[in-house]
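Student: no FASTA, just this:
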């Protein structure tokens, strides 16, 4: 069952990208559908500017940025009285996993092709889908998402 969920995350993220969403929007929408359906789909607009490494600036990968936001749903804090390090640790762990998997974290390093060329889009769809896969693996490994798609907020 875990493998099905992992593949669903990869496929949904990739399919969203194929449908015209950018990398960041694609990750958000995939994980909203799979683990946080209570979130308003209109929140996708918060992720638009993250695509292309912050609006095609080539900085932090948009798929990575969205993945970190999804991790924040589970490990972030809602009060300044809560421990900041819990969220920081989870974000750093995933950052390091992403960097190890893809060889970098900057959009322009991961995909040096000109934006919106066929080569660029082909590379981005792979990164986006595989980021969805890596994120779901991480969430399951950490016990933040169970095989039956139940979110565990305080894990």
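Tutor: Perfect, I can see it now. The shown structure was predicted, so the numbers you read here are calculated from the model rather than taken from an experiment.

Student: Please report the distance of residue 12 from residue 27.
Tutor: 9 Å (Cβ to Cβ, to the nearest Å). For the C-beta atoms, the positions are set from N, CA and C on the backbone; glycine is no exception.

Student: Nearest residue to residue 75 in space, please, no chain neighbours.
Tutor: Distances taken as Cβ to Cβ, 6 or more residues apart in numbering place residue 90 nearest to residue 75, at 4.0 Å, with adjacent residues excluded.

Student: does that neighbour really touch residue 143, like I thought?
Tutor: No: here residue 90 does not reach residue 143: they are 11.9 Å apart, not a contact under Cβ atoms under 8 Å.

Student: Of the two, which one has the most company?
Tutor: residue 90 (20 against 10; other Cβ atoms under 10 Å).

Student: SS state for the more buried one?
Tutor: helix (DSSP: H, G, I helix; E, B strand; the rest coil).

Student: which ones are touching it?
Tutor: 71, 74, 75, 142 (Cβ atoms under 8 Å, 6 or more residues apart in numbering).

Student: for residue 16, same thing?
Tutor: Contacts of residue 16 by Cβ under 8 Å, 6+ apart are 25, 26, 29, 30, 128.

Student: Residue 7 now?
Tutor: By Cβ under 8 Å, 6+ apart, the neighbours of residue 7 are residue 133.

Student: Nearest the middle, which residue of the chain would you pick?
Tutor: With the centre of the chain defined as its mean C-alpha position, the nearest residue by Cα atoms, centre = their mean is residue 67, 2.5 Å away.

Student: For the nearest residue to that one once chain neighbours are set aside, I want the exact helix or strand it lies within.
Tutor: The shortest distance from residue 67 to any non-neighbouring residue, by Cβ to Cβ, 6+ apart, is to residue 135 (4.5 Å). Per DSSP states H and E, residue 135 falls inside helix 118-141.
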